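[1] Just to be clear, the model below is a prediction. Sequence and coordinates:
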Amino acid sequence: HLTTSLPLPSERDHLRPRIDMIVFMIDIKSKYSLKNVEASLAHVDASFFLGKVCFLVTGVGRVNYCSVEMNAIWKLGEVYCSPVLFCELELEGIRVTTAQRLLRMLQICAGHVPGVSALSFGTLMRTSSGD
């Protein structure tokens, strides 16, 4: 399910499926995109930051057109203890690889991978991104 911002409308709460993972998309070419994500973060239950949130940064192949400071993006990942993934949606191979990675993360967050919890996976992601 997709939404442009949080909070979600409450009138459909009874129809909404369980939320296993939240992916915040940030378009590196749009300051509004980052501001929208920052505003939406206040509406996320703190328990989701234990391995069930990630930030997906798009447009990274166009560094010349950046409107968002990379330090601001890294700081979001740090402050919210959540992995930051980078993707260029216009390149099919990278788009497919990123989709597969997100799907695997979702399977873990939803509890469909025996022996791996969202919390332990989130810790591994943060450890490997720092190396």
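    Arrived safely, thanks for sending.
[2] CA only for contacts and neighbour counts going forward, please
    OK.
[3] residue ranges with poor pLDDT in this protein?
    In the predicted model of the chain, residues 62-63, 121-131 satisfy pLDDT under 70.
[4] what packs against the longest helix belonging to the chain?
    Counting by DSSP state H, the longest helix found in the chain is helix 92-109. If you count contacts as 3 or more Cα pairs under 8 Å, 6 or more residues apart in numbering; DSSP states H and E, helix 92-109 packs onto strand 84-87, helix 118-129.
[5] Output the contacting helices and strands for the first one.
    Read it as strand 84-87. strand 53-58, helix 70-79, helix 92-109.
[6] Distance to Val44 and mean neighbour count added to those, as JSON lines?
    Below are the helices and strands packed on strand 84-87 laid out as JSON lines (distance: least, Cα to Cα, whole Å; neighbours: other Cα atoms under 10 Å):
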{"stretch": "strand 53-58", "distance to Val44": "9", "mean neighbour count": "22"}
{"stretch": "helix 70-79", "distance to Val44": "14", "mean neighbour count": "13"}
{"stretch": "helix 92-109", "distance to Val44": "16", "mean neighbour count": "16"}
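[7] Distance to Ser117 added to these, as TSV?
    Formatted as TSV, the helices and strands packed on strand 84-87 follow (distance: least, Cα to Cα, whole Å):
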stretch	distance to Ser117
strand 53-58	13
helix 70-79	19
helix 92-109	6
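[8] Off-centre distance for the helix or strand where Glu38 lies?
    Under the criterion DSSP states H and E, the helix or strand holding Glu38 is helix 31-41. Centroid separation for helix 31-41 versus its chain: 12 Å, with Cα atoms, centre = their mean, to the nearest Å.
[9] For that helix, buried residues please.
    33-34, 36-37, 40-41 (16 or more other Cα atoms under 10 Å).
[10] burial measure for Gly51, as a count.
    For Gly51, the neighbour count with other Cα atoms under 10 Å is 26.
[11] Where does it fall, secondary structure wise?
    Going by DSSP H and E, Gly51 is not in any helix or strand.
[12] I'd like to know how far the closest residue to Asp20 other than its chain neighbours sits from Val96.
    Take Asp20 and drop its neighbours on the chain: the residue closest to it by Cα to Cα, 6 or more residues apart in numbering is Ala110, 5.2 Å away. Applying Cα to Cα, to the nearest Å, the value for Ala110 to Val96 is 21 Å.
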